[in-house]
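Colleague: Any chance you could fold what I've pasted below:
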Amino acid sequence: MSLGALAQMLREHGLLQKAPEEIFTKTVKHLVYNSKEAAEETLFICKGLSFKEAYLLGAVEKGAVCYLSEQSYDVSIPGIIVTDIRKAMSLAAILFYGNPQEQLKLVGITGTKGKTTTSYFIKNVLDAWKKQRTAVLSTVEVYTGGYDEQAHLTTPESVDLQKYLADAVDHEKDFLTMEVSSQAYKMDRVYGMEFDYGFFLNIGVDHIGPLEHENFEDYFGCKLEFIRHCKTVFINKNTDNLERVLDAAKHAEKVILFGTDESCDYWVDSIQKQKQGFSFDVVTKSERHHFSTDMDGRFNVENALCAVALAKELGIGEEEIQEGINHITVQGRMNVYHKDGYTVIVDYAHNYLSFEKLYSSVKLDYPGQEIITVFGCPGGKNFLRRRDIGTLSGEYAQKVYLTAEDPQFEDVVEICEDIAQYLKPYGTPYEIIPDRTEAIETALSRAKPNQVLLITGKGEELYQKVRGEYVDYESDTLIVKRCLGIKD
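Modeller: Numbers count the residues shown, from 1 in each chain. Next up is the predicted model:
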């Protein structure tokens, strides 16, 4: 990458403060923000609240020839100084990797709940259409052709994101489906990107806290910013704050509404529970088509509708659509197991909207059965979840096991006691078992016929976030399979 070209790009975006003349003839072969990854001919990015000058010195020792920063440092290499390091980092990544978005059809999904499952409905339909595995960046995994690994961020850091997009291009993938989180815009991970197709699923109060968004307006504003960068926008007509979402989409080349009534461009009708999953009709002003999916959870019918709507816009045939949405399993999302007359559901539900949808769906689809729930809340962020999920569990559940869920620097028992205060007004029995594995094992050992056991919040994740580190954890799905004797 030419540093002169980068300086010009930063100047065009109003981000460049200072760039010494000597850098204009330099090129770099590496772009990193971790000093351990620096090598000869590296542009090193100085970013993060915890950044230390020692990191830059370490990069210089390894061969960095220039640094990108919001401030100058007294080091032996020149620096490009910018007003916003995160926006500058994203632009540098786009330029370094050759602007790969221009060679891909990007499908982005945002919403308070349902992003991951919707991503896989869409991806599976694209797979069936293309007769190959298409690229995806989700909370669950990264797959681009060359990369096939577990994900740790819903939307990767900008340098990593552009690397993945470039790898998808290198492996001749023409579609890439990705989740776009509010943090992706809060932290400018997708700054400078445009999406061919964007989905707005829903909005609820979530991710409010000192480590995330300062208030709902900040959270919602980041979601709306995504919509402003999509060419074709699909909007759930049932979302709260619909008018504001429509206003954000007014620039789009095309706006498509989906939902549950005939005022939409695509809507679902005749939903029927099957032994596993649902059958349903997708209706437009001129057509009606029948589909089915093995995915449980009544709310997932609307997620499947997203895939059908996009497929119809792309001209994909009904057989390929049905193939894509029928046999779908997303680890940790509505994974249903039956044993000795009771049902176990492992789901990633972790906020008010996802819990409300999960509880109401289970109550409707398993009438008359008791609901037993195992869950916790993260430490150090979004404290409103404790009230919201605790209140919902008091309303719906007949027994609750409170346990660890990424406690970070907080005490697990204190988090559980905080949640428990919202259960008490409902008289809902609860038990605090700090060790998550023990809590799940205990709940399973006590399960009885005519009960539905919900294990929520972690899904397939193989770690707990504890005191700033990723601590190995068996995962909810693996614990359930082990205890029930289920082999893949």
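Colleague: which residues of the stretch 201-350 of the chain score low on pLDDT?
Modeller: Applying pLDDT under 70 to the stretch 201-350 of the chain flags the ranges 205-214, 332.
Colleague: what's the average pLDDT for stretch 78-92?
Modeller: Across stretch 78-92, pLDDT averages out at 97.
Colleague: So residue 340 is in contact with residue 445, correct?
Modeller: No. Checked against Cβ atoms under 8 Å, the pair residue 340 and residue 445 is beyond contact range at 11.6 Å. No exception for glycine: its C-beta is placed from N, CA and C like everyone else's.
Colleague: Can you give me the domain assignment for the protein?
Modeller: Split into domains by automatic domain parsing, the chain comes to 3-96, 100-326, 335-484.
Colleague: The ones you listed into TSV, with extra columns for mean neighbour count?
Modeller: Shown next, in TSV, are the domains of the chain (neighbours: other Cβ atoms under 10 Å):
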stretch	mean neighbour count
domain 3-96	18
domain 100-326	20
domain 335-484	19
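Colleague: thought residue 86 was touching residue 47?
Modeller: Yes. At 6.6 Å, residue 86 and residue 47 qualify as touching, with contact defined as Cβ under 8 Å.
Colleague: Excluding chain neighbours, what is closest to residue 479?
Modeller: Once flanking residues are discounted, residue 479 sits nearest to residue 440: 4.9 Å by Cβ to Cβ, 6 or more residues apart in numbering.
Colleague: next one: residue 358
Modeller: Once flanking residues are discounted, residue 358 sits nearest to residue 349: 4.6 Å by Cβ to Cβ, 6+ apart.
Colleague: ok, that neighbour - contacts?
Modeller: Taking Cβ atoms under 8 Å, 6 or more residues apart in numbering as the criterion, residue 349 is in contact with 113, 355, 357, 358, 375, 454, 456, 457.
Colleague: How about the secondary structure of the residue nearest to residue 330 when sequence neighbours are not counted?
Modeller: Distances taken as Cβ to Cβ, 6+ apart place residue 120 nearest to residue 330, at 4.8 Å, with adjacent residues excluded. Following DSSP: H, G, I helix; E, B strand; the rest coil, residue 120 is assigned to helix.
Colleague: which residues of the stretch 301-450 of the chain fall in strands?
Modeller: In the stretch 301-450 of the chain, the strands defined using DSSP state E, counting those that start in this stretch lie at 335-339, 342-347, 370-375, 399-402, 430-432.
Colleague: picking that back up, double-check the residue nearest to residue 479 against residue 483; I have them as touching.
Modeller: Yes. At 7.5 Å, residue 440 counts as touching residue 483 under the criterion of Cβ under 8 Å.
Colleague: Identify the residues contacting residue 426.
Modeller: The neighbourhood of residue 426, defined by Cβ under 8 Å, 6+ apart, consists of 394, 395.
Colleague: just use 654 as the starting number from now, easier for me
Modeller: With the count now opening at 654, the last piece we talked about shows up as residue 1079.
Colleague: what about it, distance to residue 1072?
Modeller: Residue 1079 sits 13 Å away from residue 1072, taking Cβ to Cβ, to the nearest Å as the criterion.
Colleague: Any idea what residue 763 is bridged to?
Modeller: On the basis of DSSP bridges, residue 763 is bridged to residue 853.
Colleague: if I pick it, what's in contact with it?
Modeller: Going by Cβ under 8 Å, 6+ apart, residue 763 touches 832, 833, 834, 835, 851, 852, 853, 854, 876, 879, 880.
Colleague: same thing with residue 830?
Modeller: The contact partners of residue 830, by Cβ under 8 Å, 6+ apart, come to 760, 762, 772, 775, 776, 779, 787, 788, 789, 790, 791.
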